[in-house]
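Participant: build me a structure from this.
(2 chains)
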Amino acid sequence: MAELRAYAALLGGRFRSATAYRTSFAVELITNAGGTAVDVSTVFVLFHAAKVVGGFTLGEALMMTGLTASGFVLADLTVGNVDQLKTYVRNGTLDAVLVRPLAVLPQLVIADLPLRKLMRFVVGVTVLVVAVLSNDIDWTPGRAVLLVTAPLAGAVFFGAIFVLSASLAFWWVESGEVGAAFTYGGRDFTSYPITVYGTWFRAVFAYGLGFGFVAYHPALTLLGRADPLGLPAWAGYLSPLVALAAAGIAGIVWRTGVRHYRSTGS
Amino acid sequence: MIEMRELRKDFTVRVKAGRLRREKRVLAAVDGVSLSIGAGEMVGYIGPNGAGKSTTLKMLTGVLSPSGGEVSVCGLRPVPQRTRLALRIGVVFGQRSQLWWDLPLGESFRLLRYVYRVPAAEHEARLRRCRDLLDLDEFMDTPVRQLSLGQRMRGELTAALLHGPEVLFLDEPTIGLDVVSKQAVRSFLGELGATGDVTLVLTTHDLADIERLCERLVVIDHGRVVHDGTIDDLHSRYGSRRSLVADLDTPLPPGFALPGATTASIEADGHRVTFTLESTTAGAAVAALVNAAPVRDLSVVEPEIEDVVARLYTDGRGVSGVP
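Facilitator: Numbers count the residues shown, from 1 in each chain, chains lettered A, B, ... in the order given. Model (predicted):
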């Protein structure tokens, strides 16, 4: 309880720090909204060229894009800047975080909370709403719950991927943008029906790493479509389980990484 | 309060060996340190760059996990019990700020009250004391990024003390400070240490810090303790001696020798002589000299701790580059 108050106080401090530079904060807020809009528009471009892609229409694919966009943006908005860890490791400034009586990950998340990405969340949710409206969904209680849990599970899953790829820095300081292949690369992967990818690539990313359960399977369940790849309809409801498994693995890797921290000379 | 037994920290570094090949090499930054520090002690921890001072401190505070040996602080094991230990120790790493860069200094203190879960009254009392002793009032509302180094360091000290730590670790608290700020920091730490409520461990390159503050001096080189004792112990062990400098009205008679002392130098045509006191007291030497020559002025010079420590360092095996 006392720890929660500590995090709440840190969060308040973060807000006041961010607004210390009002103009640049406002400009970044607006430009960031544009970022997500551009990302999503690539889907429209693709479907402009071909009416049906991977066996799905634009409206159906938009459901996957919407689930991905809202889940990813939620993760990006909260833990997205954890990739700053490499700066902390390189400069040795993680020392200052480690001497405080709080867990390392929440401290870093709060200290680097990218508030400027707030508008992206609005765009992400808008896409999801448009997707829901443009499809004729046969509503059941299960589907209604899934519509809310799938983006949240997606956020947890992407959050885990953010933490995992940031953890690379504990072992490999020059990890650079390698992690981005899995975070931003993963987002692009799940924005489209996974039927468009080659067998080998799909097996690794969608099922080996679990990206298939972020948007593709929940979208199929919401739309009431059978999986062209043959998985049963309940596969869509697996998304929270896959997300929790990913979060568990990320937690273990992170803890191991913190023990592995070498600091720097001072 | 602090126990270390055969504490070690190894770093694996990859050294270039040929165009593409890299060799793994293990360097011991801390190579078997055993120390015991009691409650209320003030210990100065010195050594050349790369000797392992900061690495030891980081293992004591739970920042780095040891490669071997045992360590306990306040009865806790620093790495597995890091967050519990953090509530009971204060840390000032000269180069790593604990303050919020974009917020006013006072705001940082307010946030730290929540981070360390300090009751409001206790927080207020400690802050009041630090404000008085460290003259914080004039820049409490200034964003930390606009503070001078000296002001920031006073802020860091306050930040480390607001939760009433049992042990205070200071890594180079006076580095880069001007003379006035150095004095302010030193006298503050002196007062803090005099209360006996806090165990103080500080690393420094400025030996004046040690002379002013610490009865106990630990010298570390190449990851090993090469001296542990008082400053006086260090002098007697490394044969540093006091000297007697005398100005004479008439030149010193040639061939004159002071019993129990050696003549170190004769300057100004014999009008100024320096003797090194080997096996005599300053009193006896002065008496003997006054009997033998017309003394106008004299002074007894204490050995410079810098000289002793410099000799200690060069006795080592060269300088390594391990942080």
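
Participant: for the chain, just list every one of the strands.
Facilitator: Picking chain A for this. All strands of chain A, identified by DSSP state E, fall at A:52-53, A:56-57.

Participant: right idea, wrong chain: chain B
Facilitator: For chain B, applying DSSP E gives strands covering B:2-16, B:22-37, B:42-46, B:68-73, B:89-93, B:167-171, B:199-203, B:216-221, B:224-229, B:243-248, B:261-267, B:272-277, B:295-301.

Participant: I'd like those as JSON lines, with mean pLDDT and mean neighbour count appended.
Facilitator: Placement of C-beta: from N, CA and C, glycine included. Supplementary listing: the strands of chain B in JSON lines, determined by pLDDT from 0 to 100; neighbours: other CB atoms under 10 Å in any protein chain shown:
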{"stretch": "strand B:2-16", "mean pLDDT": "86", "mean neighbour count": "16"}
{"stretch": "strand B:22-37", "mean pLDDT": "87", "mean neighbour count": "17"}
{"stretch": "strand B:42-46", "mean pLDDT": "90", "mean neighbour count": "24"}
{"stretch": "strand B:68-73", "mean pLDDT": "92", "mean neighbour count": "18"}
{"stretch": "strand B:89-93", "mean pLDDT": "91", "mean neighbour count": "26"}
{"stretch": "strand B:167-171", "mean pLDDT": "93", "mean neighbour count": "24"}
{"stretch": "strand B:199-203", "mean pLDDT": "92", "mean neighbour count": "25"}
{"stretch": "strand B:216-221", "mean pLDDT": "88", "mean neighbour count": "22"}
{"stretch": "strand B:224-229", "mean pLDDT": "88", "mean neighbour count": "17"}
{"stretch": "strand B:243-248", "mean pLDDT": "86", "mean neighbour count": "19"}
{"stretch": "strand B:261-267", "mean pLDDT": "81", "mean neighbour count": "14"}
{"stretch": "strand B:272-277", "mean pLDDT": "85", "mean neighbour count": "20"}
{"stretch": "strand B:295-301", "mean pLDDT": "85", "mean neighbour count": "13"}
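
Participant: what is the burial count for residue 162?
Facilitator: This is for chain A. Neighbour count of A:Phe162, defined by other CB atoms under 10 Å in any protein chain shown: 25.

Participant: think we crossed wires, I meant chain B
Facilitator: So B:Leu162, with other CB under 10 Å, has 23 neighbours.

Participant: equivalent analysis for A:Asn32, please.
Facilitator: Around A:Asn32 there are 22 residues (other CB under 10 Å).

Participant: likewise for B:Ala194?
Facilitator: B:Ala194, neighbours per other CB under 10 Å, totals 12.

Participant: wait, which of the strands of chain B is closest to chain A?
Facilitator: Of all those, it is strand B:89-93 that lies closest to chain A, at 4.4 Å by CB to the nearest CB.

Participant: returning to what we had before: any chance of JSON lines for the strands of chain B, columns distance to B:Leu149?
Facilitator: Formatted as JSON lines, these follow (distance: least, CB to CB, whole Å):
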{"stretch": "strand B:2-16", "distance to B:Leu149": "29"}
{"stretch": "strand B:22-37", "distance to B:Leu149": "27"}
{"stretch": "strand B:42-46", "distance to B:Leu149": "22"}
{"stretch": "strand B:68-73", "distance to B:Leu149": "28"}
{"stretch": "strand B:89-93", "distance to B:Leu149": "13"}
{"stretch": "strand B:167-171", "distance to B:Leu149": "15"}
{"stretch": "strand B:199-203", "distance to B:Leu149": "17"}
{"stretch": "strand B:216-221", "distance to B:Leu149": "26"}
{"stretch": "strand B:224-229", "distance to B:Leu149": "31"}
{"stretch": "strand B:243-248", "distance to B:Leu149": "37"}
{"stretch": "strand B:261-267", "distance to B:Leu149": "40"}
{"stretch": "strand B:272-277", "distance to B:Leu149": "39"}
{"stretch": "strand B:295-301", "distance to B:Leu149": "33"}
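
Participant: and of those strands, who's closest to B:Leu111?
Facilitator: strand B:89-93 (15.7 Å; CB to CB).

Participant: how about the closest one as CSV, C-alpha atoms only?
Facilitator: What follows is strand B:89-93, C-alpha atoms only, in CSV (Å, rounded to 0.1, in the frame of the first residue of the first chain):
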residue,chain,number,x,y,z
ILE,B,89,20.9,3.2,4.2
GLY,B,90,21.6,6.5,2.5
VAL,B,91,23.7,6.7,-0.7
VAL,B,92,25.4,9.7,-2.3
PHE,B,93,27.1,8.7,-5.6
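
Participant: now do it: everything it contacts.
Facilitator: Residues outside strand B:89-93 that contact it (CB atoms under 8 Å, 6 or more residues apart in numbering or on different chains) are A:95-96, A:99, A:266, B:61, B:73-74, B:98, B:153, B:156-157, B:159-161, B:163, B:165-171, B:173.

Participant: so of those, which ones are in helices?
Facilitator: Taking DSSP state H, the ones among the contacts of strand B:89-93 that sit in helices are A:Asp95, A:Ala96, B:Met153, B:Glu156, B:Leu157, B:Ala159, B:Ala160, B:Leu161.

Participant: and of those, the nearest to A:Ser17?
Facilitator: The nearest one, if we look at those relative to A:Ser17 and count by CB to CB, is A:Ala96, at 15.3 Å.

Participant: got the contact list for the closest one?
Facilitator: So A:Ala96 contacts B:Phe93, B:Arg96, B:Ser97, B:Gln98 (CB under 8 Å, 6+ apart).

Participant: could those go into CSV alongside distance to A:Phe158?
Facilitator: Output for the contacts of A:Ala96, formatted as CSV (distance: CB to CB, whole Å):
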residue, distance to A:Phe158
B:Phe93, 34
B:Arg96, 31
B:Ser97, 31
B:Gln98, 31
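
Participant: what is the nearest of those to A:Met1?
Facilitator: For those, the residue nearest A:Met1 by CB to CB is B:Gln98; the value is 23.8 Å.

Participant: rewinding a little: from the contacts of A:Ala96, which single one is nearest chain A?
Facilitator: B:Arg96 (4.4 Å).

Participant: chain neighbours aside, what residue packs nearest to the closest one?
Facilitator: Spatially, and ignoring its direct neighbours in sequence, B:Arg96 is nearest to A:Ala96 (4.4 Å; CB to CB, 6 or more residues apart in numbering or on different chains).

Participant: try B:Phe256
Facilitator: That would be B:Ala292: by CB to CB, 6+ apart, it lies 6.3 Å from B:Phe256.

Participant: what is the burial count for the one you found?
Facilitator: 14.

Participant: what sits against it?
Facilitator: For B:Ala292, the contacting residues are B:Pro253, B:Phe256, B:Leu258, by CB under 8 Å, 6+ apart.

Participant: look up how far B:Val273 lies from it.
Facilitator: Going from B:Ala292 to B:Val273 by CB to CB, to the nearest Å gives 11 Å.

Participant: over to A:Arg90?
Facilitator: Shown here: A:Arg90 relative to B:Val273, a distance of 57 Å by CB to CB.

Participant: gap between the lowest-mean-pLDDT helix or strand in chain A and the chain center?
Facilitator: Sorted by mean pLDDT, DSSP states H and E, the helices and strands of chain A end with helix A:22-49, the least confident at a mean of 75. Averaging C-alpha positions (CA atoms, centre = their mean, to the nearest Å) puts helix A:22-49 16 Å from its chain's average.

Participant: mind listing what's buried in the longest helix seen in chain A?
Facilitator: For chain A, the helix reaching the highest residue count under DSSP H is reported as helix A:141-171. Neighbour-count burial for helix A:141-171 flags A:143, A:146-147, A:149-170 (criterion: 16 or more other CB atoms under 10 Å in any protein chain shown).

Participant: for A:Arg16, which non-adjacent residue is closest in space?
Facilitator: Using CB to CB, 6+ apart, the closest residue to A:Arg16 is B:Leu103 (6.0 Å).

Participant: related to what we said a few turns ago, other SSEs contacting the least confident helix or strand of chain A?
Facilitator: helix A:58-79, helix A:118-133 (3 or more CB pairs under 8 Å, 6 or more residues apart in numbering or on different chains; DSSP states H and E).

Participant: thanks again, I'm all set now.
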